[in-house]
Every structure is written in C-alpha cells, then in structure tokens.
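Engineer: Kindly return the folded structure for what I paste below:
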Amino acid sequence: MKDALKNSEFSENQMLTQVGRRFFLRSAGLTAVTGAFILGACQDHDMEPDATVDLGSGDIGILNYAYALEQLEAAFYTQVIDMPYQGMTDMEKRFLTDIRDHEIIHREFFKAALGSAAIQGLEVNFSSVNFMDRASVLGTARVLEDTGVAAYNGAGKYIEDVQYLLVAGKIVSVEARHAAIIRNLLQPMTRYFAGDDIVDPMTGLDVAKEPAMILADAQPLIETRITANNLPK
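Structural biologist: Have a look, this model is predicted:
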C-alpha cells in the first residue's frame, strides 16, 4: 500500500488544493454535512458497533493514526458549534468555528491522502461532555488539543516519507495554535497558554507522547475500538 501511495502522483500542494477546493465549495452547507458525520460516522462503511479498527503499519499506520485523531477533533468541534454552550460569546464562536473548519480540512486531507488504505469512519462517544457547559467544553477541547500536539510530536520520528513529515509538521503547528487559543480562553492573560505541563521550561520543547499513550487517552471518547499493534515503535 505504501508503494501505491508514493506512486499515486500525490503532492502536498495538489492535495491541499484539492481538499481546500472541496471544502470551500461545500462551505454553504457545512453545518449539515459535518453534523451528519457525528450522527452516522460509521454508516458509510457499514461498521458494526463492536467493530475493531486496526491502523496498519509503516507510514500508512501513522497516517491512519493522525486521521483517527482528526476525525475525533472534527466531530467534537462540529458538535460544539451545532450546540453552543450557554453564554458563548461571538468571539468564542468565531475561534471555535475556525478550529472546527481547520480540523475538518485536516481530516479530509488524511482521508484523501490515504485513499483506499484509510480506516473506516469512527463512532465517537461524547457522553462525558456537557455541551451546554462552557467549562466542560473548553476543558475537553484543551485535552484534545494538547493530546493532538503531543501525538504529532511523538509520531513524527516514525514517518519515512519526507512529504508526509512536512505536512505533519505544518499541521502540528496549527494544532499548537489551537491549544494556545483554548488555554487562553480558559485562563486569559496568563502564561497558561504555554504552561510547564506542555512546554518543558528547561528545553523550551513541547511534550511528545508515543501512539500507545495517546490512543489510551483518546479511547474513552471513541466508541470504535482501535488497535495499533503494527505501528512503528
């Protein structure tokens, strides 16, 4: 599968253009389209409720790993915008809408890049989140964004194809911006946006976590069981 991906005349700019065009052409109906993703993410693939999804191996596995996390984030922010929490300000809605749109583009990018090697749509589980409560929503968003940054940082060293590594580096920088915005919403005008829990004060480097740790943290929010036994280690 890896050779097929490399020989598919895929290039970063072509793929971003393709995904971006498709995204913006449907932007007028974005809420309806992405809302359907939450309610029936697995319907396109006829996935059983107790199905297990394996990410695969090599670059395919790492890309599917990122795709799974982007599915989770896109689904979460779509529901946040569809069900605004009480007291959501116009500024907060703009920020959260931008984040939603970014995550959808990231999700669609990986889906297109993987093609037939992409895992199925995942069934999410947000029963632990009170979407009417600001603290619950932003607290969950913080965990998702911090986890996303740590995931890309931890998996980058396993990517063999330099083009995929380049794109992953660009995506993680956007995820870090999201994390900073969410943390600033939680504690405005403080250094919480880059606290010691995510940035090592001695090295100035962000946290990096291995895929096994990330998937264990994310699994409570994903109904579909994910296995990553063949990912690079």
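Engineer: State the pLDDT value of the residue of the chain most remote from its centre.
Structural biologist: Most distant residue from the mean C-alpha position of the chain: residue 202, 28.3 Å away (CA atoms, centre = their mean). pLDDT for residue 202: 92.
Engineer: Please report how far it lies from residue 180.
Structural biologist: According to CB to CB, to the nearest Å, residue 202 and residue 180 sit 20 Å apart. Yep, even glycine has a C-beta here, placed from its N, CA and C like the rest.
Engineer: cool, residue 53 as well?
Structural biologist: 31 Å.
Engineer: who has more neighbours, those two?
Structural biologist: residue 53 (21 against 16; other CB atoms under 10 Å).
Engineer: What are the neighbouring residues in contact with the more buried one?
Structural biologist: Residues near residue 53 by CB atoms under 8 Å, 6 or more residues apart in numbering: 47, 68, 119-120, 122, 224-227.
Engineer: hey, what's it bridged with?
Structural biologist: When assigned by DSSP bridges, residue 53 has beta-bridge partners residue 226.
Engineer: Remind me which helix or strand the residue farthest from the centre of the chain belongs to.
Structural biologist: Following DSSP states H and E, one finds residue 202 outside all helices and strands.
Engineer: Select the helix or strand of this protein having the lowest average pLDDT value.
Structural biologist: Lowest by mean pLDDT, DSSP states H and E among the helices and strands of the chain is helix 30-39, with a mean of 35.
Engineer: Enumerate every residue touching the residue nearest the centre of the chain.
Structural biologist: For the chain, the residue nearest the mean C-alpha position is residue 70 (2.2 Å; CA atoms, centre = their mean). By CB under 8 Å, 6+ apart, the residues touching residue 70 are 103, 106-107, 110.
Engineer: Closest one of the residues you listed to residue 152?
Structural biologist: Nearest to residue 152 among the contacts of residue 70: residue 106, at 10.4 Å, using CB to CB.
Engineer: Tell me the spacing between the closest one and residue 77.
Structural biologist: 11 Å.
Engineer: Kindly report the same for residue 201.
Structural biologist: 30 Å.
Engineer: So for the two, which residue has more residues nearby?
Structural biologist: residue 77 (24 against 9).
Engineer: element containing the residue nearest to that one when sequence neighbours are not counted, please.
Structural biologist: The shortest distance from residue 77 to any non-neighbouring residue, by CB to CB, 6 or more residues apart in numbering, is to residue 100 (3.6 Å). Element membership of residue 100, judged by DSSP H and E, is helix 90-114.
Engineer: Ends of stretch 204-218, what's the gap?
Structural biologist: 26 Å (CA to CA, to the nearest Å).
Engineer: what do you get for stretch 224-233?
Structural biologist: 23 Å.
Engineer: mean confidence score for that stretch?
Structural biologist: Mean predicted confidence for stretch 224-233 is 93.
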